[in-house]
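Q: My questions concern the predicted model and sequence given below.
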Amino acid sequence: MKMAARTPLVIAAALFAAAVVSPPRAVAQEKYAPSPANLEARQWFQDAKFGMFIHWGVYSVLGNGEWVMETRPISGAEYAKLPRFFNPIKFDPAAWVALAKAAGMKYITITTKHHDGFAMFGSRLTDWNVVARTPYGKDVIGLLAAECRKQGIKLFFYHSQLDWHSPDYFPRGRTGRHAGRPEAGNWEAYLNFMDGQLRELLTNYGEIGGVWFDGMWDKPEADWHLARTYALIHQLQPQALVGSNHHKTPFPGEDFQMFEKDLPGGHTTGFNPEQSVSALPLETAETMNDSWGFNLTDEHYKNVGEVIRYLVRAVGSNANFLLNIGPMPNGEIQPEFVQRLTEVGKWMKQYGDSIYGTRGGPVTPGPWGVTTQRGSKVYVHVLDWNQPVLALEELPGPIRSARMLRDGSNVEFSTVKGGLVLKMPEAQPDEVDRVMVLELEGPK
Ligand code: H79
């Protein structure tokens, strides 16, 4: 084509043609303006810093993780036998919430429905739910929601958009092909069903913290009607924070961004090397062993120090830390988790000032550690450093004092051109994080 032919009209026609042939992009809640209540909730969320993730479902009975239907694999007809074995006589929501609080956690995010499609709440839209199909017969989400309200902890709902049970989840995505469903289904009906269940969740359980979506990666090219779903949530509960673990940069209508088994921008999982870190509140979700749902043979536990250091690195990267437990089929939380959470709680009692209400600090995180900041206080978290001094990049203002958080003792420091040198006190035995408090000059 000659240059002369590129009149505005031709260009306009070409653009129009391109728009017609290019696939629809994932349209989300484009015109979304978060409500004041939502913006306030985002601040609360960022101040809260530490939450408990709970993966619990009929899959827990098999002790092989929440993906067991897919990995074993198990057909839909076989899997349908499983709810009959779900009878958690030791389920004590008060004990769960108390454990989260003892660990220093400020919110709980629980699976209301995982990829198996099984509702852990009393849904009127399907009997594939805990009340209708299990001998236990009680609304697990309802019991937990009541207890959270009683003990003053926020509850978020994990909700899988991917569904291995519904025949209407069609065309199928990357997973769920062993379920034995007919090769037909009504995608619009599935989305209506999903929105209907979300409406139940956002109507019947009081005020919630937000919705943690997962599984959209199963059908990344599908039209998920995100605009409709997100608007529904924000309309029913304007303060509810919407996030989706789609491994992409957040879409409009989302209020926070999560990273599964990764620090923000860490890219260690390989889910999506192009996912960028947004300006939204951030959250890192991590397991305590290598499993989300209860796994009988997974003994690969992080020790207490590793858990605390992961928490600190997340917070120093300006993210929350959402730490997972997979309760056992009888409703108890296994002692390995209880022990670790209790120890983390003790640490948080002593060092919580350097965590709660902070944001990622002024110094770039590194292998040595991270910084956090709240007002004029910068907390230096030294996680892995055995040298007598630590040299850091320059702080945004002059330093008035430097002290150890553990006992208030002075830390010698000197500023050099373009940087700061801290004299490192000896690490105490079993000290997982040497925390120093730098008081900056200027308004508090
Ligand atoms: O609920 C927990 C897990 O069950 C769920 N998210 C956490 C919070 C989870 N689902 N999948 N995964 C975690 C990892 C899945 C990776 C894969 Fe894939 C799905 C590999 C192939 C299909 C990522 C998405 C890479 C391609 C698509």
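A: Now that the structure is in, tell me what you want to look at.
Q: Would you agree Q197 is in contact with G122?
A: No. The criterion here is CB atoms under 8 Å, and Q197 misses it with G122 at 11.0 Å. The C-beta positions use only the backbone N, C-alpha and C, and glycine is treated the same way.
Q: The two: who's more crowded?
A: Ranked by neighbour count (other CB atoms under 10 Å), Q197 and G122 place Q197 first, with 21 against 18.
Q: where does that one fall, helix, sheet strand or coil?
A: helix (DSSP: H, G, I helix; E, B strand; the rest coil).
Q: Next up, the contacts around it.
A: Each residue near Q197 by CB atoms under 8 Å, 6 or more residues apart in numbering is listed here: 112-113, 119, 123, 125-126, 159.
Q: Enumerate the positions of the strand or helix carrying L232 that are buried.
A: Using DSSP states H and E, L232 maps to helix 226-236. For helix 226-236, burial by neighbour count (16 or more other CB atoms under 10 Å) applies to 226-234.
Q: So which residue is smack in the middle of the chain?
A: A285 (4.6 Å; CA atoms, centre = their mean).
Q: Most neighbours out of the contacts of Q197, which is it?
A: Neighbour counts for the contacts of Q197 peak at K113, which has 30 neighbours (criterion: other CB under 10 Å).
Q: Could you tell me how far it is located from N129?
A: Per CB to CB, to the nearest Å, K113 is found 9 Å from N129.
Q: try V378
A: Distance from V378 to N129, by CB to CB: 49 Å.
Q: who's more crowded, the two?
A: When V378 and N129 are compared for neighbours, V378 comes out ahead with 26 against 23, by other CB under 10 Å.
Q: Specify the local secondary structure of the more buried one.
A: Classified using three-state DSSP, V378 is strand.
Q: what about the closest residue to it other than its chain neighbours, how many neighbours?
A: Using CB to CB, 6 or more residues apart in numbering and skipping the chain neighbours, the partner closest in space to V378 is L438 (4.4 Å). Neighbours of L438 under the rule other CB under 10 Å: 25.
Q: so L438 sits in a strand?
A: Yes. Under three-state DSSP, L438 sits within a strand.
Q: looking at it, it is touching I399, isn't it?
A: Yes. Contact criterion CB under 8 Å: L438 and I399 qualify, at 5.3 Å.
Q: show me what contacts A146?
A: A146 neighbours (CB under 8 Å, 6+ apart): P93.
Q: again, but for the one 4 residues further on
A: With contacts taken as CB under 8 Å, 6+ apart, K150 has the following neighbours: 94, 97.
Q: Show the average pLDDT along the one helix or strand it maps to.
A: Counting by DSSP H and E, the element that carries K150 is helix 140-151. Helix 140-151 carries an average pLDDT of 98.
Q: buried stuff in it?
A: 140-148.
Q: Each with direction, which strands does the helix or strand following that helix pair with?
A: Following helix 140-151 in sequence order, the next helix or strand is strand 154-160 (DSSP H and E). If you go by DSSP bridges, strand 154-160 pairs up with strand 107-113 (parallel), strand 210-214 (parallel).
Q: which outside residues touch the first one?
A: Right, strand 107-113. Contacts for strand 107-113 (CB under 8 Å, 6+ apart): 45, 48, 51-57, 66, 96-97, 100, 119-121, 141, 144, 148, 153-160, 163, 197, 201, 209, 212, 322.
Q: Mind doing that once more with 6 Å?
A: Identification of contacts with strand 107-113 by CB atoms under 6 Å, 6 or more residues apart in numbering yields 48, 51-55, 57, 100, 119-121, 141, 154-160, 201, 209, 212.
Q: Tell me who's in contact with the single nearest residue of the stretch 301-444 of the chain relative to the ligand.
A: Proximity of the stretch 301-444 of the chain to the ligand (CB to the nearest ligand atom) peaks at N324, 7.6 Å away. Applying CB under 6 Å, 6+ apart to N324 gives the contacts 53, 287, 292.
Q: Report how many residues lie close to the second one.
A: So the one you mean is T287. Neighbours of T287 using other CB under 10 Å come to 21.
Q: bridging residues for the closest residue to it other than its chain neighbours?
A: Sequence neighbours aside, N324 is the residue nearest to T287 in space, at 4.8 Å (criterion: CB to CB, 6+ apart). In this structure, N324 bridges to F53 when assessed by DSSP bridges.
Q: R374 versus N324, what's the distance?
A: From N324 to R374 the distance is 27 Å (CB to CB).
Q: could you pull out the strands for the stretch 251-400 of the chain?
A: Assigned by DSSP state E, counting those that start in this stretch, the strands in the stretch 251-400 of the chain fall at 257-260, 282-286, 319-325, 359-360, 369-374, 377-382, 389-393, 399-404.
Q: residue ranges of the helices in the stretch 301-444 of the chain, please?
A: Using DSSP state H, counting those that start in this stretch, the helices of the stretch 301-444 of the chain run over 304-316, 335-351.
Q: Quick one: closest of those to A179.
A: With respect to A179, and counting by CB to CB, the nearest of those is helix 335-351 at 30.5 Å.
Q: hey, C-alpha coordinates of the closest one in PDB?
A: The C-alpha coordinates for helix 335-351 follow below in PDB (Å, rounded to 0.1, in the frame of the first residue of the first chain):
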ATOM      1  CA  PRO A 335      -1.000 -29.900  65.800                       C
ATOM      2  CA  GLU A 336       1.800 -29.000  63.300                       C
ATOM      3  CA  PHE A 337      -0.200 -26.000  62.200                       C
ATOM      4  CA  VAL A 338      -1.400 -25.100  65.700                       C
ATOM      5  CA  GLN A 339       2.100 -25.200  67.100                       C
ATOM      6  CA  ARG A 340       3.500 -22.900  64.300                       C
ATOM      7  CA  LEU A 341       0.600 -20.500  64.500                       C
ATOM      8  CA  THR A 342       1.000 -20.200  68.300                       C
ATOM      9  CA  GLU A 343       4.700 -19.500  67.900                       C
ATOM     10  CA  VAL A 344       4.100 -16.900  65.200                       C
ATOM     11  CA  GLY A 345       1.600 -15.300  67.600                       C
ATOM     12  CA  LYS A 346       4.200 -15.000  70.300                       C
ATOM     13  CA  TRP A 347       6.500 -13.300  67.900                       C
ATOM     14  CA  MET A 348       3.800 -10.900  66.700                       C
ATOM     15  CA  LYS A 349       3.000  -9.900  70.300                       C
ATOM     16  CA  GLN A 350       6.600  -8.800  70.700                       C
ATOM     17  CA  TYR A 351       7.300  -7.400  67.300                       C
END
